[in-house]
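Chemist: Sharing a model that was predicted from the sequence below.
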Amino acid sequence: SLSSSFFPMISSSPSPSSSASSVFRCSSTAVSRQGFLVGVAVVFSWAFLSVYIQNPGLYGANGILPIEPHLHVQEGNTWQEELKTSLNLLWLHVPLGLHVDMMMDLILLAGVVVATLAVVFHVFRNAFSFIFLWICYYSVYSVGNTFLHFQWDILLLEVGALAALVAPLFPSKRNQQNVCGAIAFFLVEWLFFRLMFLSGIVKLTSNCPTWWGLTAMDWHYESQCIPQPLAWYAHALPHWIQALSVVGVFVIEIVFPFGFFVPFRSVRRVCAWSQVLLMCFIVVTGNYNFFNIVTALLAFSVLNDEDIRFIVPKWFYEYHFITSTPDNTRSEVLIVAKDSSRKEELVAERDSQDANANKKKNNNKKSNKKKNKKHRNSANSNNNNKEKKGDNLSRVAEMRKDCCKRSTLEVLSDTVGFVVFVAFIVWISVTYFGVNVDTEELTADSKIKFTKKDFSVFVSMSITLSVAFGAVVGIFYILKTVIASAINRALSVVEVVRLLGYIVAIVLLFAVSCETMRWNDQNTKLQTLPHWDKITTLESKLRPYNIVNTYGLFRRMTGVGGRPEVIIEGSRDKVTWHEYNFKYKPGNVSAPLPINVPHQPRLDWQMWFAALGSIQNNVWLQHLVIRLLEGSDDVLALMSPDQPDQFSTSPPTYIRIKAYTYHFTSKADRSKTGPTQIVDSDIGLWWRREEKSGLYLGEVDLIQFAKPILEVKKALMGGKTEAIQLDPKQCNEEFLCWSLNLIREAAKHVDDMAFFIAFSVGQLLTSIMVA
């Protein structure tokens, strides 16, 4: 076997050198991977639930962008061919006999259920579950149009694909560690690097003057899509803190990601946790739904089990750490043993477990022969084996804990590495960002001291070096994991073939990701490498599925000089106009800032993008106005239930849209307005606004604009003017449709965030009870 050539050397040879020890010591990532998989499952459940709540208003037959007209089998095709071509489960509405809207609900609910099962039960935390979740979300994403095409949606698809590689095929107590998943975990770490590093450099390669002038944070908090309550207070901070925070963003996103791959544990910890803290700060000041949570989950790939034992629940850590120790971390324990007697003790522990397993098999054979004593003997045997196994597992866990104690030399080298790293960061901050602290005034000045040409050279060099560095680290990661697995136990031919398949897939995905990194700089020479054209071809084939993506968040700062907003107004007589109220986006200047993470109100978000453009470039907004004139209940459900002039039950005759510029109020403004501010005022408790000249959309109605309205509907519905409605009679006759309709009717009467909170608490409590 593969392990036979390694294990005798470890069990009988002298103690390993310190270099070998440092390679394998305390490197288990069993708990880290399980934490990552649980987190991804939680995010999937949130994502599906968020879209489910909004599905009728966004994609239903009476919604803003109906999907039903686009899911009819083309002449000459079959639904099987459509499904194979598009990989979209929505085509199953044909054999199931469901309306497309109901099929969408079924996919979303199935995603919620499977994701929740993966959260609660480790046996559902397998590759097949995550493949199913990926296919479900891809099916929704592919028809989601403008409401679902955000960077965090493609990030979730890529993370979901990697989770399917990391997760074991058939999880059990004896293969929790899954050597193939351990290798695939490197791609998660590489994605973490790409996401943060690329998000950092695009801020400067975009030539945005606010990022180069360190003024971006002066505008960010009030101009982001949906600010949270703490955003008002963050916006009020003095400029020198805002400028210093921009420097901090650059250092954390551009420099720190390289620390993910250094051999110093303290540096890796700091670099990983700094990203998590940055994500936490973004969460508490703005709504970016699950994006920040997914990004924080990627930090699991940088941290090993010892690093996260204080942040995960004790029961979760003990279960996944202890049950995985005998089969997977035993090789690490054996390698780091300090003396031969210690090794003999550990080998004895392993042999004891094997003996117990054999004894259990013999007892089972005897119990089959003695049917009269079957239940009693098997129960006693199982209890004894469980007790012995539990004792052995506890002792092995304690042994590994003892073996993970670092020597003085290792602690010293790690400390020196950390000090050098801190000195390097201080040097960068002073040399390239001109950070100068005034201890008397307790302020700090900062200014970028490099040119755009200098940064262009740095980007070219850093992308090339990061690809080379990532390849070296990836090879080391694969070799380390394979050797540890070979030492641990014999690998069957099937396991070897599967392992080789994983390695080939990981190498190809890494190469494709390097191709996407190359797009961020025209001077890189990766395309000159032999056979790189094949990598380019592979990337183009994978691109529609968003398995490997390029990223660049907050490329340019919008809303400089004030956030643009569009306000929809309705009237019955063209004289008295009333503003439509949204659930989350700014409108009423005195309405409190909402807290709605991780839910993403897709309509509120898209209204922010609409304010950056014109009505001509936002056909979906034209259709939103039409639906409001028609009084669509599904669309109104996306907005606040508290509408003026009974718009919720009786639609207005006319609608227009005004454009405004919004600013956070200052402390002086608040002192003028007081706690109770008139709703229609342009200066409120949180916002003040100025109306822009002209109308964003002039007055429209259903009668005078009948012809343009038909053209808008045809443009959005593939030439049709209306989507086919669900037949209530047919739904009452079919159990599946009746069940889906019952759940939908119940969901209509629940507040979005109340639903999310109740669901999340239920997930947590169920997980604890099952554990």
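Modeler: Great, that's in hand.
Chemist: so where does residue 694 fall, helix or strand?
Modeler: Per DSSP states H and E: residue 694 is located in strand 687-700.
Chemist: now for that strand, which elements pack on it?
Modeler: strand 563-571, helix 619-630, strand 654-664 (3 or more CB pairs under 8 Å, 6 or more residues apart in numbering; DSSP states H and E). Backbone N, C-alpha and C define where each C-beta goes, glycine included.
Chemist: Can I get these in JSON lines including distance to residue 218?
Modeler: Converted to JSON lines, the helices and strands packed on strand 687-700 look like this (distance: least, CB to CB, whole Å):
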{"stretch": "strand 563-571", "distance to residue 218": "13"}
{"stretch": "helix 619-630", "distance to residue 218": "29"}
{"stretch": "strand 654-664", "distance to residue 218": "11"}
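Chemist: Of those, give the one that comes closest to residue 411.
Modeler: strand 654-664 (48.1 Å; CB to CB).
Chemist: so what strands line up beside that closest one?
Modeler: Using DSSP bridges, strand 654-664 pairs in its sheet with strand 563-571 (antiparallel), strand 687-700 (antiparallel).
Chemist: Kindly format the C-alpha coordinates of the shortest one as CSV.
Modeler: Same thing as strand 563-571. Only the C-alpha atoms of strand 563-571 are listed here, as CSV (Å, rounded to 0.1, in the frame of the first residue of the first chain):
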residue,chain,number,x,y,z
ARG,A,563,-26.3,60.4,-2.9
PRO,A,564,-28.7,60.5,-5.9
GLU,A,565,-32.2,59.2,-5.2
VAL,A,566,-35.4,58.8,-7.3
ILE,A,567,-38.8,59.2,-5.6
ILE,A,568,-41.9,57.8,-7.1
GLU,A,569,-45.0,59.9,-6.6
GLY,A,570,-48.7,59.1,-7.3
SER,A,571,-51.7,61.3,-7.8
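Chemist: Just say helix, strand or coil for residue 289.
Modeler: Three-state call for residue 289 (DSSP: H, G, I helix; E, B strand; the rest coil): coil.
Chemist: burial of residue 43, as a residue count?
Modeler: 25 (other CB atoms under 10 Å).
Chemist: nope, residue 167 is what I meant
Modeler: 27.
Chemist: now residue 189
Modeler: 23.
Chemist: my read: it touches residue 268, true?
Modeler: No: with contact defined as CB atoms under 8 Å, residue 189 does not count as touching residue 268 (10.1 Å).
Chemist: joint contacts of those two?
Modeler: 260, 302 (CB atoms under 8 Å, 6 or more residues apart in numbering).
Chemist: For residue 448, grab the count of nearby residues.
Modeler: When neighbours are counted by other CB under 10 Å, residue 448 comes out with 19.
Chemist: Give the helix, strand or coil label for it.
Modeler: With three-state DSSP as the criterion, residue 448 reads coil.
Chemist: just the strands in this protein please.
Modeler: 436-438, 443-445, 563-571, 577-579, 654-664, 687-700 (DSSP state E).
Chemist: Contacts made by stretch 621-629 with the rest, please.
Modeler: 62-65, 568, 570, 580, 603, 606-607, 610, 615, 635-636, 647, 651-653, 655, 657, 697, 700-702, 709, 712-713, 716.
Chemist: still on that earlier bit, hey, which of the strands paired with strand 654-664 is tucked in deepest?
Modeler: strand 563-571 (a mean of 22; mean count of other CB atoms under 10 Å).
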